[in-house]
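**Q** Sequence first, then the predicted structure, then my questions.
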Amino acid sequence: MINSMDQAEVLLEIKDLTTRFYTEEGVVYAVNGVSYTLKEGEILGVVGESGCGKSVHALSIMGLIPSPPGKIDKGEVLFDGRDLLKFNQSELRDIRGSQVAMVFQDPMTSLNPVYTVGFQITEVLSIHKGMNDKEARGVAGELLDKVGIPGAHDRLDDYPHQFSGGMRQRAMIAMALAGDPKLLIADEPTTALDVTIQAQIIDLVKRLQENLGMAVMWITHDLGVVAELAQNVNVMYAGYIVERGSVRDIFKATRHPYTLGLIGSLPRLDEAPGTELVAIPGLPPDLVDLPKGCPFVPRCMYAVEQCLEEMPPLEQTDGKDHTVACWRWEHVVGEVTADVR
Amino acid sequence: MSADNGTLVQVRDLKKYFPIHKGALIQRHVGDIKAVDGVSFDIIKGETLGLVGETGSGKTTIGRTVLRLYEPTEGKVTLDGTDVFSLNPKELSQIRRRTAMIFQDPYASLNPRHTIGTIIAEPLEIHKVAKGKEKEERVTELLQMVGLNQFYVNRYPFEFSGGQRQRIGIARALALHPDLIVCDEPISSLDVSIQAQVVNLLEKLQKQLGLTYLFIAHDLSMVRHISDRMAVMYLGKIVELADRDEIYLRPVHPYTQALMSAVPVPDPDLAEQRQKIILEGDLPSPANPPKGCNFNTRCPFAKEICIEEEPEYREVKAEHFAACHFAEDFL
């Protein structure tokens, strides 16, 4: 899969994306110059903790930043070669739902409770595909069937509250698929679900991605989900991509101290009883008051003088297409990486 | 499940039903949510018993009923030999001093109008164990124990991050030198890097103070990390209970097998090798659980007997309990 990946066309290219929120408490530096490319059919995992900018960067791509207070100050979001940031609202609406679809964390708040599930899916089909009611209803039933809702055609007239949490998330995915998107952005889609249901959804998305060849951007804080699903990973911290590479590079040849810390924070399956977790000390920085240099400095055991002065650029490491934003990456070889991890 | 001297808590046939009422004026009792439906287990002094299960499986209800924050429907709980459910209010208050609880949401469980000092000192005042200088000293000591600066006493909860608030909750739980702490999803609302800090703190305190934990969570890998033994719940019942490695490596109940395989592992190689068991369908309603074995609607191995007869919860091998008709076949 990795080989065929190399030849795939670039679907999404993000250049220097910078999003800020101008609030009364000050300027929140949410996304600070993010650049990367996403190829057709690629599954990209975006990991980071609350406030690292992973959701805001996705909302920026979709033109969904509430403005004011939010503002995209800089950057380009090239989707199929066209800059989405230059689109007006009606052009964006055409793209959203047909070319790029998004699934959110909480399926209860993203489905409209007063309309049937069937209506909400047929709506997408009639807007983006120009189908008539009868056609759209047939296709909506097929879509629900495809995402694994039992007795799909009979459930079209159900309201969201008649669905369980897992079924609602499936319905959201069905709705997202309705426009045949080239890119599915999933923002913590399984965080509110139980593990057995999460496993169902991950399995579903993997299957759909293989069958339909769409690209998937999966935003999550769960490194386990990323390891299972993603081909490439962006690790974000304080609005920066701090490390980017193939899933194997990220987990097996970790080069950023923060990524290393995240992995160390998780219990290992082969650990002996009584093993202590390698926690990252301290707290994530306040995005209103970002330090001048690298934002990870106060929590970093590798930090030197230079780290306080200047934010390191994302630069190539020894691994192919493996980049890291750390002045000291060559020294970052934790015991954790040397091991089974 | 012998009641040897090492047992701190003994739970037998515990049931907690929440009645469902219908009707606007005259409320008719039309059924029950069987949140906890006949569970038995022991907690041994100084151990951590992990309780895992999905949303609605009844794990939180167990935690609360054991502390008699809910009145039980049926069953018996003893704490160090004392029958918790037969106590009068005064006796109950005495025994409650020996227990404490840490809650999931550190934003909702701390009174926003009280200073940290007041919050941590509250149990000391309610139980009249310390006042004045003694009280202040104890608060300072507790703050140090949980790794917070002692000068924070006069600050308010909003000034703290989620992880720090959880530390405050832990300090409050420790105030009365409890034996048993029920930790109800204490880390699920925290970020990954902060979760590890809190888990390490809980483990350190356990060693220092000889605490016993009932650790309730849905994050299996974290529960496995902190627990000595683990119990898995499904729809109000414990389906399997064993040593943490035993239950992870050799689960005998099909639900446990599926649950363990569904946990995402943060390792791409392992993730590739592992065979996942994907369960179909959702958790049935606890108001109307399936007849027979309540897992039969989703179980890949279900047979005739599973629909007709409820499996007995039994010791299938030493210290390994399970409730499945075919548990022995998986040994």
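**A** That came through fine.
**Q** only C-alpha atoms for contact and neighbour calcs from this point on.
**A** Noted.
**Q** what about the strands in the stretch 51-200 of chain A?
**A** A:70-79, A:82-83, A:100-103, A:183-187 (DSSP state E, counting those that start in this stretch).
**Q** For residue A:163, find the nearest of those strands.
**A** strand A:100-103 (16.7 Å; CA to CA).
**Q** what's the offset of that closest one from the middle of its chain?
**A** Relative to its chain's centre, strand A:100-103 lies at 11 Å (CA atoms, centre = their mean, to the nearest Å).
**Q** Other residues contacting that strand?
**A** A:62, A:172-173, A:176-177, A:179, A:181-187, A:189 (CA atoms under 8 Å, 6 or more residues apart in numbering or on different chains).
**Q** Mind putting these into JSON lines with neighbour count and pLDDT?
**A** Supplementary listing: those in JSON lines, determined by neighbours: other CA atoms under 10 Å in any protein chain shown; pLDDT from 0 to 100:
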{"residue": "A:62", "neighbour count": "20", "pLDDT": "89"}
{"residue": "A:172", "neighbour count": "26", "pLDDT": "89"}
{"residue": "A:173", "neighbour count": "26", "pLDDT": "88"}
{"residue": "A:176", "neighbour count": "26", "pLDDT": "88"}
{"residue": "A:177", "neighbour count": "30", "pLDDT": "87"}
{"residue": "A:179", "neighbour count": "22", "pLDDT": "85"}
{"residue": "A:181", "neighbour count": "22", "pLDDT": "90"}
{"residue": "A:182", "neighbour count": "22", "pLDDT": "91"}
{"residue": "A:183", "neighbour count": "30", "pLDDT": "93"}
{"residue": "A:184", "neighbour count": "24", "pLDDT": "93"}
{"residue": "A:185", "neighbour count": "25", "pLDDT": "94"}
{"residue": "A:186", "neighbour count": "24", "pLDDT": "92"}
{"residue": "A:187", "neighbour count": "22", "pLDDT": "91"}
{"residue": "A:189", "neighbour count": "25", "pLDDT": "86"}
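**Q** tell me, how many neighbours does residue B:18 end up with?
**A** 14 (other CA atoms under 10 Å in any protein chain shown).
**Q** How about the secondary structure of the closest residue to chain B within chain A?
**A** Nearest residue of chain A to chain B, counting by CA to the nearest CA: residue A:224, 3.8 Å away. What DSSP: H, G, I helix; E, B strand; the rest coil gives for residue A:224 is helix.
**Q** One more: residue A:17?
**A** Taking three-state DSSP as the rule, one finds residue A:17 in the strand state.
**Q** How about residue B:78?
**A** The three-state label given to residue B:78 by three-state DSSP is strand.
**Q** give the contact list for it.
**A** B:8-11, B:84.
**Q** What about these, which are in strands?
**A** Among those, the members found in strands (DSSP state E) are B:8-11.
**Q** Span of stretch A:261-274 from start to end?
**A** 19 Å (CA to CA, to the nearest Å).
**Q** How about it and chain B, touching?
**A** Yes. Using CA under 8 Å from any CA of the partner chain, stretch A:261-274 comes into contact with chain B via A:261-263, A:265-269, A:273.
**Q** Next, check the residues you listed against the helices and list the overlap.
**A** A:261-263, A:265 (DSSP state H).
**Q** Adding pLDDT, write those out as JSON lines.
**A** Output for these, formatted as JSON lines (pLDDT from 0 to 100):
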{"residue": "A:261", "pLDDT": "91"}
{"residue": "A:262", "pLDDT": "91"}
{"residue": "A:263", "pLDDT": "90"}
{"residue": "A:265", "pLDDT": "89"}
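**Q** re the thing from before, among the contacts of strand A:100-103, find me the one that's closest to residue A:15.
**A** residue A:62 (14.8 Å).
**Q** What residue, apart from its backbone neighbours, is nearest that closest one spatially?
**A** Distance criterion CA to CA, 6 or more residues apart in numbering or on different chains; nearest residue to residue A:62, sequence neighbours excluded, is residue A:96 at 7.1 Å.
**Q** and the one you found, how many residues sit next to it?
**A** Neighbour count for residue A:96, taken as other CA under 10 Å: 19.
**Q** do the same with residue A:271
**A** Counted with other CA under 10 Å, residues neighbouring residue A:271 total 11.
**Q** Scan the ones in strands among the contacts of residue B:78 and report the most crowded one.
**A** When neighbours are taken as other CA under 10 Å, the top entry among the ones in strands among the contacts of residue B:78 is residue B:9 (24 neighbours).
**Q** And residue A:258, how far from residue B:194?
**A** Relative to residue B:194, and taking CA to CA, residue A:258 is found at 13 Å.
**Q** want to throw the ones in helices among the residues of stretch A:261-274 next to chain B into CSV with neighbour count?
**A** Formatted as CSV, these follow (neighbours: other CA atoms under 10 Å in any protein chain shown):
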residue, neighbour count
A:261, 22
A:262, 24
A:263, 27
A:265, 22
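**Q** any low-confidence regions in the stretch 1-150 of chain B?
**A** Flagging of the stretch 1-150 of chain B using pLDDT under 70 yields the residue ranges B:1-5.
**Q** who in it is up against chain A?
**A** B:54-55.
**Q** Would you map the helices across the stretch 1-150 of chain B?
**A** B:59-66, B:89-96, B:116-126, B:132-145 (DSSP state H, counting those that start in this stretch).
**Q** Residue A:282 belongs to a strand?
**A** No. Judged by three-state DSSP, residue A:282 forms no part of a strand; its state is coil.
**Q** residues near it, how many?
**A** For residue A:282, using other CA under 10 Å, the count is 13.
**Q** so it touches residue A:299, yeah?
**A** Yes. The criterion here is CA atoms under 8 Å, and residue A:282 meets it with residue A:299 at 5.8 Å.
**Q** related to what we said a few turns ago, and of the ones in strands among the contacts of residue B:78, the nearest to chain A?
**A** residue B:8 (21.5 Å).
**Q** The closest one contacts residue B:48, doesn't it?
**A** No. With contact defined as CA under 8 Å, residue B:8 does not reach residue B:48; the gap is 11.5 Å.
**Q** and the residue of chain B nearest chain A?
**A** residue B:266 (3.8 Å).
**Q** residues touching residue B:10, list them.
**A** B:3, B:40-43, B:76-79.
**Q** Count the neighbours of the residue lying closest to residue A:79 once chain neighbours are set aside for me.
**A** Closest residue in space to residue A:79, ignoring its immediate chain neighbours: residue A:12 at 4.6 Å, by CA to CA, 6+ apart. When neighbours are counted by other CA under 10 Å, residue A:12 registers 22.
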